[in-house]
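Chemist: Give me coordinates for this.
(one chain, ligands or ions: 1)
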Amino acid sequence: MSLISGFEHIVRENEPLAPYTRLNIGGVAEYFAEPTTKDELVSLVKRFAENEVPIRLMGSGTNLLISTQGIAGLVLHLSAPAFGQIDVEGDTMAVGGGAKLSHFVASAVREGLTGPQHLVGITGTVGGALHSNTSAVGFDIGSWVQSAEVLNRSGELVTHEKENMSFSYRQSSLSELAILSATFKFDSESAEALTKQMQKLWIVRRAAQPAADVRAAYVFKDHRGDSASSLIDQAGLKGTRVGEVEVCDRDPNFFIAHDGATADDFLRLIELVQTRVRDQHEVELQTSIGIW
Ligand SMILES: Cc1cc2nc3c(=O)[nH]c(=O)nc-3n(C[C@H](O)[C@H](O)[C@H](O)COP(=O)(O)OP(=O)(O)OC[C@H]3O[C@@H](n4cnc5c(N)ncnc54)[C@H](O)[C@@H]3O)c2cc1C
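Modeler: Alright, predicted model coming up:
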């Protein structure tokens, strides 16, 4: 029996990953799967786990750098509608890990639930945002979570309650293979007031970050209260380029990939920026982007 027998309808071999990422960089996945149901996902993960094949999960590829050599093993993509559900009941939302962050924000605002409007304009999935505890202007997604259903690397489903999870700056305790869904609880406010607030925040964010069609990634974590952007700016690195990858002028914590950019250009620019910031500020910048 072949590794993918019975799963041929959802698994593709040697699938180019670049088109699934915002940077549009990188090689192929040995196996790439888009399961259509939770049961299918669980069976697939069990099959690959039993055969000791490495498995990774990709959200919407907003903050991933894929190596030119590609990825050995299985890459999962929760693009099916079964993983993108959003249900609102009173002050509680149940959201699939594959749901777009923008849909989560819009649904909360429409229902008069306050908090998520602060995350307007940040791209990604809810699962990806929970994985790295996406935050903006002092509000982080982890602070509203009540429970999360995850799938571990052996293919077992586990539910974590609020008291068993922790969220801190750009990280969470949800380190299993896949965050499948989560429930959130919010305070209520008028939908009209929230819409106005969201629109204002969106205008500010749109002016501060690269446009949606630009191949950009958010590269470093802030360092103990010092923003990575100002550390890079003070080191005089705005506009610095390696090959076809450039430090963004508008906000130097974004790197922009131009036509012909490679993962190696990107990695060399990360190293150059880390070295200059270390020399100037004695600070070791840690990456926020996922490097595969
Ligand atoms: C222009 C721009 C602006 C940004 N602004 C902000 C900001 O203001 N604040 C902020 O915090 N971040 C910001 N980010 C980063 C953003 O939070 C992440 O890009 C996003 O949350 C990642 O979601 P994703 O679905 O695209 O994950 P991917 O990029 O696909 O994956 C990133 C990591 O998350 C993991 N992952 C993804 N989905 C799941 C899941 N369901 N279960 C388990 N693990 C998963 C992947 O395995 C990978 O390790 C910005 C990024 C960009 C490009």
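Chemist: And the residue positioned nearest the centre of the chain, how close does it get to the ligand?
Modeler: Centroid-nearest residue in the chain: residue 128, 3.6 Å away (criterion: Cα atoms, centre = their mean). From residue 128 across to the ligand, the span is 2 Å (Cβ to the nearest ligand atom, to the nearest Å). Placement of C-beta: from N, CA and C, glycine included.
Chemist: what do you get for residue 220?
Modeler: 11 Å.
Chemist: again with residue 90
Modeler: 25 Å.
Chemist: what's the neighbour count on that residue?
Modeler: Residues near residue 90, counting by other Cβ atoms under 10 Å, number 10.
Chemist: again with residue 133
Modeler: Residue 133 has 20 nearby residues by other Cβ under 10 Å.
Chemist: One more: the one 5 residues further on?
Modeler: For residue 138, the number of neighbouring residues by other Cβ under 10 Å comes to 7.
Chemist: Now it: phi and psi?
Modeler: phi 80, psi 0 (degrees, to the nearest 10).
Chemist: residue contacts, the spatially closest residue to it that is not a sequence neighbour?
Modeler: Distance criterion Cβ to Cβ, 6 or more residues apart in numbering; nearest residue to residue 138, sequence neighbours excluded, is residue 118 at 7.9 Å. Applying Cβ atoms under 8 Å, 6 or more residues apart in numbering to residue 118 gives the contacts 136-139, 201.
Chemist: Also within reach of the ligand: list those from the residues you listed.
Modeler: residue 136 (Cβ under 6 Å from any ligand atom).
Chemist: now for the contacts of residue 118, which pair is the farthest apart?
Modeler: 138 and 201 (12.2 Å; Cβ to Cβ).
Chemist: need the helix or strand of the protein with the lowest average pLDDT.
Modeler: strand 135-136 (a mean of 92; mean pLDDT, DSSP states H and E).
Chemist: May I have the strands that pair with that strand, each with its orientation?
Modeler: Here strand 135-136 is paired, per DSSP bridges, with strand 139-140 (antiparallel).
Chemist: What's the first helix or strand after the strand it pairs with?
Modeler: Next in sequence after strand 139-140, counting helices and strands by DSSP states H and E, comes strand 145-151.
Chemist: Buried residues, that next one. List them.
Modeler: For strand 145-151, the neighbour count (16 or more other Cβ atoms under 10 Å) marks 145, 147-151 as buried.
Chemist: Then stretch 12-21?
Modeler: 15, 17-18, 20-21.
Chemist: Show me those residues that map onto helices.
Modeler: Of the buried residues of stretch 12-21, none are assigned to helices by DSSP state H.
Chemist: out of those residues, who's nearest the ligand?
Modeler: residue 21 (7.3 Å; Cβ to the nearest ligand atom).
Chemist: and residue 149, bridged to which residues?
Modeler: residue 159, residue 181.
Chemist: ok, now which ones touch it?
Modeler: Applying Cβ under 8 Å, 6+ apart, the residues contacting residue 149 are 157-159, 179-182.
Chemist: I'd like to know which of those residues are buried.
Modeler: By 16+ other Cβ under 10 Å, these give 179-182 as buried.
Chemist: Which of the residues you listed sits closest to residue 92?
Modeler: The closest of the buried ones among the contacts of residue 149, once distances to residue 92 are taken by Cβ to Cβ, is residue 182, at 10.9 Å.
Chemist: quick one, what contacts the residue nearest to that closest one when sequence neighbours are not counted?
Modeler: Excluding the flanking residues, the one nearest residue 182 by Cβ to Cβ, 6+ apart is residue 148, at 4.3 Å. Taking Cβ under 8 Å, 6+ apart as the criterion, residue 148 is in contact with 130, 159-160, 165, 174, 179, 181-183.
Chemist: Close to the ligand: what parts of this protein are there?
Modeler: 22, 56-64, 78, 97, 122-125, 127-129, 131-132, 134-136, 178-179, 209-210, 216-218, 290.
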